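Chemist: Show me the folded form of this:
(chains A, B, C and D)
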Protein chains: 2
Amino acid sequence: MLDIAILGLLMDRDHHGYEIRTQLRDRLGVWANVSFGSIYPALARLERQGCVEAVTSSETRLSSLSTGSLSGERASLRSLRTTTGLGRRGRKVYRITERGRRDFVSMLADPATLDDGKNFSLRMALAQYLNPNARVGLLERRRGDLIARLAEVRVGANNELLDPYARGVMEHAAQGVELDLAWIDGLLSAERSNQESFAHDAK
Amino acid sequence: MLDIAILGLLMDRDHHGYEIRTQLRDRLGVWANVSFGSIYPALARLERQGCVEAVTSSETRLSSLSTGSLSGERASLRSLRTTTGLGRRGRKVYRITERGRRDFVSMLADPATLDDGKNFSLRMALAQYLNPNARVGLLERRRGDLIARLAEVRVGANNELLDPYARGVMEHAAQGVELDLAWIDGLLSAERSNQESFAHDAK
DNA sequence: CGTTCGATATATCGAAGTGATATTATATTT
DNA sequence: AAATATAATATCACTTCGATATATCGAACG
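Modeler: From the prediction side, this is the model:
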């Protein structure tokens, strides 16, 4: 799953490992605290698979809208001018490959494993890279999962053998699932009205 | 964290590995699908640490309120009579030790690492084993974490550099945190009114 | 009656993620 | 000029996951 997150960030622009961590925090909020112990192995893995490649900083592609710490970015650019060829120190900047782009979109669209809230939120945060059909597919799949889950937790919430605290947890879980469902339904109807206005424009 | 969950189940009555999985699903709903690849190593670990011990089925302590599959329990009792000493086949039944009880309560009360929703729900589901002070401590700690988190996701939700999908995820996350906060506040006021009624009874 | 099937039960594997820690370079503050 | 904070990569042991193997039991079926 971290692979998707990293590739998603690299779709926008090049990044190095440390930056991936900060971006993950600022842009894909769900994955608040991913540790370096995950990121560096993941980058090595993705490079091995040919999904990303390390580039020298001089040819780094920077986005126009540099999200977040502008000062830091400017600082690194300044030092870039003064350092020797390979860019600032040990900084390894990664770029996504064609292969990586393909893999990213197919992984994003295909919820092989039925995902938990965190995984799904990640997918939605990157949904701009999906076509409308894939988005609706993802949403409907999630909707089904949530309805099943709601039934489960409601059983728990009504199980009189459980002590009050455990039942309270179940009740709260049910409310959480309901909130998720409302969100999904909202997104689904938004997708549909988008498609309609599309059809309307086309005729 | 799985250690807490397992010990929590064993506080109620003895269990074997497979049963721990089903109980985790039925009673501590948050931990829906814990795999055997986690449970068996965890049991071995706990045994090594002296928190649990394996007992022969004949001396198994069964709870009066046998939650869930009664038929299965009866079946195992029947076969117990017909099999040789060590109880049904390879079934290894674990019992919590005195040491385990102590460790359990201290681990449960002490959120060393600031925990995510899943971890906290687990603690709350087992809150019956905590004294009121420890419960309130846990709740207040959680409350602080949630307020901090709410501020974070609100920043994300209002970040105009993020695309609409990413922002939608953040907005939904904020709603989730608000729901969690409302739950915590409800629990806190319940704890307080309990204490009051206690004081009232005492005078 | 045998046999097949689903649930019960333990175990182990590799892959992935966590949290801690080490190390070094650069930037900022004093 | 020194101290401190932050940027940056890397590695460690440990935990968890998901898949898979294997064996037994009870029930259903022809």
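Chemist: Report pLDDT for the spatially most central residue of chain A.
Modeler: The centroid of chain A falls nearest to residue A:122 when counting by CA atoms, centre = their mean (3.2 Å). Listed pLDDT for residue A:122 reads 91.
Chemist: Please, which helix or strand holds it?
Modeler: helix A:117-125 (DSSP states H and E).
Chemist: And that helix, what does it pack against?
Modeler: helix A:2-12, helix A:132-157, helix B:164-202 (3 or more CB pairs under 8 Å, 6 or more residues apart in numbering or on different chains; DSSP states H and E). Bear in mind the C-beta positions are built from the backbone N, C-alpha and C, glycine included.
Chemist: any chance of those helices in CSV, plus mean neighbour count?
Modeler: Putting the helices and strands packed on helix A:117-125 into CSV (neighbours: other CB atoms under 10 Å in any protein chain shown) gives the following:
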stretch, mean neighbour count
helix A:2-12, 21
helix A:132-157, 17
helix B:164-202, 16
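Chemist: still on that earlier bit, now the helix holding residue A:122 against helix B:164-202, angle please.
Modeler: 150 degrees (axes from the mean of the first three to the mean of the last three CA atoms, to 10 degrees).
Chemist: Break chain A down into its domains, please.
Modeler: A:2-109, A:131-202 (automatic domain parsing).
Chemist: quick one, which of the ones you listed is nearest to residue A:118?
Modeler: For residue A:118, the closest of the domains of chain A is domain A:2-109, at 5.3 Å, according to CB to CB.
Chemist: Any idea how far apart the tips of the closest one sit?
Modeler: Chord length of domain A:2-109, first to last residue, is 15 Å (CA to CA, to the nearest Å).
Chemist: State the mean pLDDT of that domain.
Modeler: Here domain A:2-109 scores 75 as its mean pLDDT.
Chemist: now stretch A:142-157
Modeler: For stretch A:142-157, the per-residue pLDDT averages 88.
Chemist: any residue of it up close to chain B?
Modeler: Yes: applying CB under 8 Å from any CB of the partner chain, one finds stretch A:142-157 in contact with chain B at A:152-153, A:156.
Chemist: related to what we said a few turns ago, output the helices and strands packed on helix A:117-125 in JSON lines; the columns should cover distance to DNA strand C.
Modeler: Formatted as JSON lines, these follow (distance: least, CB to the nearest atom of the strand, whole Å):
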{"stretch": "helix A:2-12", "distance to DNA strand C": "3"}
{"stretch": "helix A:132-157", "distance to DNA strand C": "16"}
{"stretch": "helix B:164-202", "distance to DNA strand C": "16"}
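Chemist: check which helix or strand covers the closest residue to DNA strand C within chain A.
Modeler: For chain A, the residue closest to DNA strand C is residue A:37, as judged by CB to the nearest atom of the strand, at 2.3 Å. For residue A:37, the host element (DSSP H and E) is helix A:36-48.
Chemist: hang on, the earlier thing: need the contact partners of the helix holding residue A:122.
Modeler: Contacts with helix A:117-125, where a contact means CB atoms under 8 Å, 6 or more residues apart in numbering or on different chains, come from A:1, A:4-5, A:8, A:27-31, A:108, A:111, A:115, A:138, A:142, A:180, A:187, B:165-166, B:168-169, B:172-173.
Chemist: try 7 Å
Modeler: With contacts defined as CB atoms under 7 Å, 6 or more residues apart in numbering or on different chains, helix A:117-125 is touched by A:1, A:4-5, A:28, A:30-31, A:108, A:138, A:142, A:180, B:165-166, B:168-169, B:173.
Chemist: Can you tell me which of the residues you listed comes closest to residue A:130?
Modeler: When the contacts of helix A:117-125 are compared for distance to residue A:130 (CB to CB), residue A:108 wins out at 6.1 Å.
Chemist: my read: the closest one touches residue A:130, true?
Modeler: Yes: using CB atoms under 7 Å, residue A:108 is in contact with residue A:130, at 6.1 Å.
Chemist: the more surrounded of these two?
Modeler: Taking neighbours as other CB atoms under 10 Å in any protein chain shown, residue A:108 and residue A:130 compare with residue A:108 leading, 21 against 18.
Chemist: Residues touching the helix or strand containing that one, excluding its own?
Modeler: Here residue A:108 sits within helix A:98-109, counting by DSSP H and E. Residues outside helix A:98-109 that contact it (CB under 7 Å, 6+ apart) are A:3-4, A:7-8, A:11, A:46, A:50-52, A:123, A:126, A:129-130, A:134, A:138.
Chemist: Thanks again, I'm all set now.
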